[in-house]
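In: everything below, folded, please.
(2 chains)
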Amino acid sequence: MSSAARLSPPSPGLSGAGGHDDRKVPPVADMARIIGLSIPAACMPDVVANTALLHGYADLVGSFALPDDCEPAYEYVP
Amino acid sequence: MTVHGHKAGAALAIAADVRAGRRSAVSVVTDVIADIEARDTRFNSVTRILGPAAVAQAEEVDKTIAAGRDPGPLAGVPFGVKDLFDVRGEVTTAGSIVLRDNLPATRDAVVVERLRAAGAVPVATLNMDEFAYGFSTENAHTGTTRNPHDTARLAGGSSGGSAASVAAGLLPFTLGSDTNGSIRIPSSLCGVWGLKPTYGQMPLGGVYPFVASLDVVGPMADTVEDLRAVYTIMAGGAPVGEPDVGDVRVARLGGWFANNISTELTTGIDAVMAHLGRDQVIELPEVARARASAFLISAAEGGNLHLARLRRRSMQYDPATRGRLMAGAMLPAATFVQAQRFRRWFREHVHAALAHADVLVAPTTVGVAPRIDQPSIVVDGRTVSARANLGIFTQPISLAGLPVLAAPLSVDGLPLGIQLIGAPGGEAKLFAVAAELQRAGLAACRPLDAGYARKDS
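Out: As a prediction, the model looks like this:
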């Protein structure tokens, strides 16, 4: 067994708020509109940075092939 | 028994004194409150002092003793709670002004109720990252909690006030919550004992939620004895017999958990393993994805929890929390479901690893507490935000829901801590190992100035 070598996806990095990603810019305004969320302009850079960070993690988890019978752990018992 | 000059079981010692009539509960509580008022200006660990209510309860404890009735095993012991536990008569703020107009709680959180029934007296609410979303206890509303061992450094978070108040010697024990490491990280950086029980074991009634899939509450204390006593009462059960430490199979986690840590931390873990006479190393699979899954589940559930309020009054939120919650609220369902499915996968592999060991030893953080004016850590050669990344060793374990006892290593200089990780329901084995490390002097909490230990004149 071995752990993955990388701490996080190569982009957008680990910076959290304030990070950036030249590879792709999430369509934050559209995503916010879908859930009825209005993001103040002053907050947008921070939300974009955090959204990009989460998408990087989502890519990491999403790229892992899981068997079809692996169910979500909604009712989780350790 | 003493540990480096510090009496083991400070909370239990207070209770013994109060029960025997050597101290009054009122004097203990009033002394502690005076101590907080005098010294916490340096640390900012306390957000509210519950003065009148605490004194009133202490009076009841003294009356109970005077009447010859049993006041409980923690009679007159003062404690503090992270500002997300309901305390009757107080508004539960979760470290935010967003909830300040809520009505006061009409009853205690279940675990607070149990401790109060055991005679313990809540005297203060404690600082935290807003809504527990952070590892640093930097709060735009209530300020930053400072590390008692170096006030230029972070206490860690999100239960930073809980750890700092124990480390400062203001309180013998406190309560915190741990979703991604929020008990373990501040315990490590402040050098106190902490316990994150098995996920699902502790009642969460009256605890303001963050991430339902991961949230756990637990105690922090200055000795293993106090930690065990408080945990047992919080869990509502009778004490469980602990195994002989020699019968506990201990291994250290390698791979992900051996990288990026300071030399001092490696040396400390080496010493622990050598003392226990164990050299097995176990690697968990896909730890980076486990951490990422915990990150994503936290963002999605936390974001959804606050979405309605974010739509109406987002500008009331701490800026550092707001952006993270908004981003989390927008995560696609496909991402959340994949993370929850990965959690199931990871669980099976963690259980496979635990077939070879009862307790896994791992670092809690990469090193000592970051400076407040440089709130960052170095990981894989990159300087990254401490607030978001102090949990690289705790988040993967959170995903699996395992119990973890945070042990403060005996080190010269700033505190460093390790995680003692157990199988689900394996807290007794964690306590057995922790007690041995404390007995051997390899782990110890060294409060600055235990004001609560002062006796009545």
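In: what's the longest helix in the chain?
Out: With no chain named, the answer covers chain A. helix A:44-62 (DSSP state H).
In: actually it's chain B I care about, not the one you picked
Out: helix B:287-313.
In: so, low pLDDT: which residues of the chain?
Out: As the question left the chain open, I've gone with chain A. A:1-24 (pLDDT under 70).
In: chain B was what I was after
Out: In chain B (pLDDT under 70), the answer is B:1-8, B:454-457.
In: can the helix or strand residue B:432 falls within be found next to chain A?
Out: Here residue B:432, judged by DSSP states H and E, is contained in helix B:427-439. No. Helix B:427-439 lies apart from chain A when judged by CB under 8 Å from any CB of the partner chain; the minimum separation is 12.0 Å. Quick note: C-beta positions are derived from backbone N, CA and C, even for glycine.
In: how about that helix: buried residues?
Out: Across helix B:427-439, burial judged by 16 or more other CB atoms under 10 Å in any protein chain shown covers B:427-438.
In: in terms of secondary structure, what does that helix contact?
Out: Contacts defined by 3 or more CB pairs under 8 Å, 6 or more residues apart in numbering or on different chains; DSSP states H and E place helix B:427-439 against strand B:193-196, helix B:224-235, helix B:263-276, strand B:359-363, strand B:404-408, strand B:417-422.
In: can you rerun that using 7 Å?
Out: helix B:224-235, strand B:359-363, strand B:404-408, strand B:417-422 (3 or more CB pairs under 7 Å, 6 or more residues apart in numbering or on different chains; DSSP states H and E).
In: what are the buried residues along the longest helix of chain A?
Out: A:46-58, A:60-62.
In: quick one: closest of the helices and strands packed on helix B:427-439 to chain A.
Out: Ranking those by their distance to chain A (criterion: CB to the nearest CB) puts strand B:417-422 first, at 10.2 Å.
In: so what are the sheet partners of that closest one and their directions?
Out: Here strand B:417-422 has these sheet partners by DSSP bridges: strand B:359-363 (antiparallel), strand B:404-408 (antiparallel).
In: tell me which of these sits most buried.
Out: Mean neighbours per residue, mean count of other CB atoms under 10 Å in any protein chain shown, is largest over these for strand B:404-408, with a mean of 30.
In: if I look at the spatially most central residue of chain B, how far off is residue B:17?
Out: For chain B, the residue nearest the mean C-alpha position is residue B:183 (2.4 Å; CA atoms, centre = their mean). From residue B:183 across to residue B:17, the span is 28 Å (CB to CB, to the nearest Å).
In: now swap in residue B:290 and tell me
Out: Computed as CB to CB, the residue B:290 to residue B:17 distance reads 46 Å.
In: in terms of neighbours, single out the busier of these two.
Out: Neighbours around residue B:290 and residue B:17, counted as other CB atoms under 10 Å in any protein chain shown, are more numerous at residue B:290. The numbers are 29 against 20.
In: is chain A contacted by the helix or strand following the longest helix of chain B?
Out: Counting by DSSP H and E, the next helix or strand C-terminal to helix B:287-313 is helix B:319-329. Yes. Applying CB under 7 Å from any CB of the partner chain, one finds that helix B:319-329 is in contact with chain A at B:319-320, B:322-324, B:326-329.
In: buried only: go through the residues you listed for me.
Out: B:320, B:322-324, B:326-329.
In: in chain A, which spans are helices?
Out: Applying DSSP H to chain A gives helices spanning A:28-34, A:44-62.
In: let's have these in CSV, adding distance to residue B:368.
Out: Below are these laid out as CSV (distance: least, CB to CB, whole Å):
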stretch, distance to residue B:368
helix A:28-34, 36
helix A:44-62, 25
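In: need the contact list for residue B:164.
Out: By CB atoms under 7 Å, 6 or more residues apart in numbering or on different chains, residue B:164 lies in contact with B:43, B:45, B:145-148, B:155, B:190.
In: one more pass at 8 Å, please.
Out: For residue B:164, the contact set (CB atoms under 8 Å, 6 or more residues apart in numbering or on different chains) comprises B:43, B:45, B:127, B:137, B:145-148, B:155, B:186, B:190.
In: tell me which of these fall in helices.
Out: Among the contacts of residue B:164, the residues falling in helices (DSSP H) are B:186, B:190.
In: who wins for neighbours among the contacts of residue B:164?
Out: Highest neighbour count within those, by other CB under 10 Å: residue B:186, with 40 neighbours.
In: shouldn't that residue be in contact with residue B:137?
Out: Yes. Counting by CB atoms under 8 Å, residue B:186 touches residue B:137, with 6.9 Å between them.
In: which neighbours do those two share?
Out: Residues touching both residue B:186 and residue B:137 (CB under 8 Å, 6+ apart): B:155-160, B:164.
In: from those, which would you call buried?
Out: Buried among those by 16+ other CB under 10 Å: B:155-160, B:164.
In: quick check: the farthest pair among those residues?
Out: Greatest spatial distance among these (CB to CB): B:158 and B:164, at 12.2 Å.
In: mind telling me which residue of the stretch 51-200 of chain B is nearest chain A?
Out: Per CB to the nearest CB, residue B:199 is where the stretch 51-200 of chain B lies closest to chain A, at 5.1 Å.
In: which residues touch the closest residue to residue B:213 other than its chain neighbours?
Out: In space, and not counting its chain neighbours, residue B:213 is closest to residue B:297: 5.3 Å by CB to CB, 6 or more residues apart in numbering or on different chains. Residues counted as contacts of residue B:297 (CB under 8 Å, 6+ apart) are B:211, B:213-214, B:336, B:339-340, B:343, B:399.
In: can you select the buried ones from those in ChimeraX?
Out: Under the burial definition 16+ other CB under 10 Å, those of the contacts of residue B:297 that qualify are selected in ChimeraX by:
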select /B:211,213,214,336,339,340,343,399
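In: which one among the contacts of residue B:297 gets closest to residue B:375?
Out: The shortest approach to residue B:375 among those belongs to residue B:211, at 22.5 Å (CB to CB).
In: could you double-check that the closest one lies in contact with residue B:301?
Out: Yes. Counting by CB under 8 Å, residue B:211 does reach residue B:301; the two are 4.5 Å apart.
In: still on that earlier bit, would you reformat the residues of helix B:319-329 next to chain A as CSV and include distance to residue A:33?
Out: Listed next are the residues of helix B:319-329 next to chain A as CSV, based on distance: CB to CB, whole Å:
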residue, distance to residue A:33
B:319, 22
B:320, 24
B:322, 18
B:323, 17
B:324, 20
B:326, 13
B:327, 15
B:328, 17
B:329, 12
